[in-house]
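In: could you work out the structure for the sequence below:
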Amino acid sequence: MEGKLNQTYEVIEVCLLAGKIMLQSGAETYRVEDTMTRIAASFGIHDSHSFVTPTGIIFSIEGMDPTKFVRISDRSTDLEKVSVVNSISRKISGGEISIKDAYSELKQVEKANLSYPIWVQIVAASLVGGCFLIMFQGVWHDFIPALVSSGVGFSCHIYFHRLVRVKFFAEFFASLIIGLLAFLFVAIGFGNELDKIIIGSVMPLVPGLLITNAVRDLMAGHLVSGISKGAEAFLTAFAIGTGIAVVFSVF
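Out: Have a look, this model is predicted:
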């Protein structure tokens, strides 16, 4: 009886750890709940229940077993970790891995830094800004101003987010700098269309994943998570718009 109870506790820990990694890495709420339920069922626990919000996970098993809660304080976008956890979940479902090995692998994934280096992210953000400028029917003459504004703005976003752990201020100051740079390029004659440069440059800051996850969670019936993620996306959009609006109001 004691051995079975210990195994149940181990399954709960594996489920919570898998859910925590996925939620912190940008996975949808329904995907997190589905993964946790599948892992528990693979180890013979078919009466498990989970409640996931962007800031916490509650997991319980019917009976006398305790309900456990995990707090989620930091969230980012690392879809590679989501993919790795899904791979581990499939191995668990296929009976290819034990509870202890699964927990060990998940711990390694939690500690690992699978995201691209900062310089790669900045280069990618720069190219995104220039390419979106062309997509929005801008002229090639503005490609370099958009590329520079986007790269510098994204770099400032990373820096300010490390300095102040409030996303709103990081996004506000990043968009403010993008607006100032775009205005400067146009003022010195290096850029032509101010609006196209700004629109292209702020695209790396736009919360596309948050908006997508909010819609998918709402469609899946997870109203609390969907509305909260939508509100977070709205705040991000508001911060970006406010930063640009300040530039236009001053100049």
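In: what helix or strand is V52 on?
Out: Counting by DSSP states H and E, the element that carries V52 is strand 48-53.
In: list the buried residues in that strand.
Out: Buried residues in strand 48-53, counted by 16 or more other C-beta atoms under 10 Å: S48, S50, F51, V52. C-beta coordinates here come from the backbone N, C-alpha and C atoms, glycine included.
In: report the distance from that strand to the chain centre.
Out: 20 Å (C-alpha atoms, centre = their mean, to the nearest Å).
In: report how many residues lie close to R90.
Out: Each residue near R90 was counted by other C-beta atoms under 10 Å, and the total is 14.
In: quick revisit: kindly export the strand holding V52 (C-alpha atoms) in PDB.
Out: What follows is the C-alpha trace of strand 48-53 in PDB, where atoms were taken according to Å, rounded to 0.1, in the frame of the first residue of the first chain:
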ATOM      1  CA  SER A  48      -7.100  12.800 -12.400                       C
ATOM      2  CA  HIS A  49      -8.200  16.400 -12.500                       C
ATOM      3  CA  SER A  50      -6.300  19.500 -13.400                       C
ATOM      4  CA  PHE A  51      -7.100  23.200 -13.400                       C
ATOM      5  CA  VAL A  52      -4.600  25.400 -15.200                       C
ATOM      6  CA  THR A  53      -4.400  29.200 -15.300                       C
END
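In: how close does the residue nearest to V11 when sequence neighbours are not counted get to I99?
Out: The shortest distance from V11 to any residue other than its chain neighbours is 4.7 Å, reached at F43 (C-beta to C-beta, 6 or more residues apart in numbering). Summarising the geometry, the distance separating F43 from I99, computed by C-beta to C-beta, to the nearest Å, is 7 Å.
In: the more surrounded of the two?
Out: When F43 is set against I99 and neighbours are counted by other C-beta under 10 Å, the residue ahead is F43, at 21 against 18.
In: so where's the stretch 101-250 of the chain uncertain?
Out: Applying pLDDT under 70 to the stretch 101-250 of the chain picks out no residues at all.
In: I118 touches I158, doesn't it?
Out: Yes. In this structure, I118 sits in contact with I158. The criterion is C-beta atoms under 8 Å, and the distance is 6.5 Å.
In: so the closest residue to Y116 other than its chain neighbours is in which element?
Out: Nearest non-adjacent residue to Y116, counting by C-beta to C-beta, 6+ apart: A124, 7.5 Å away. Applying DSSP H and E as the criterion places A124 in helix 118-135.
In: that helix: what's the following helix or strand?
Out: Elements were assigned by DSSP H and E; along the chain past helix 118-135, the next helix or strand is helix 143-163.
In: now that following helix: buried residues?
Out: Buried residues in helix 143-163, counted by 16+ other C-beta under 10 Å: 143-157, 160-161.
In: that one - contacts with which helices or strands?
Out: Here helix 143-163 is seen to pack against helix 118-135, helix 167-187, helix 194-202 when contacts are counted using 3 or more C-beta pairs under 8 Å, 6 or more residues apart in numbering; DSSP states H and E.
In: any chance of those in a markdown table with distance to I39 and mean neighbour count as columns?
Out: Putting the helices and strands packed on helix 143-163 into a markdown table (distance: least, C-beta to C-beta, whole Å; neighbours: other C-beta atoms under 10 Å) gives the following:
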| stretch | distance to I39 | mean neighbour count |
| --- | --- | --- |
| helix 118-135 | 31 | 18 |
| helix 167-187 | 31 | 21 |
| helix 194-202 | 39 | 25 |
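In: right, and these - which one's nearest N86?
Out: Across the helices and strands packed on helix 143-163, the minimum distance to N86, taken as C-beta to C-beta, is reached by helix 118-135, at 23.1 Å.
In: relative to helix 194-202, how tilted is the closest one?
Out: Using axes from the mean of the first three to the mean of the last three C-alpha atoms, to 10 degrees, the interaxial angle of helix 118-135 with respect to helix 194-202 works out to 140 degrees.
In: the lengthiest helix in the chain: which residues count as buried?
Out: Taking DSSP state H as the criterion, the chain has its longest helix at helix 223-250. Within helix 223-250, the residues scored as buried using 16+ other C-beta under 10 Å are 225-226, 228-230, 232-233, 236-237, 239-240, 243-244, 247.
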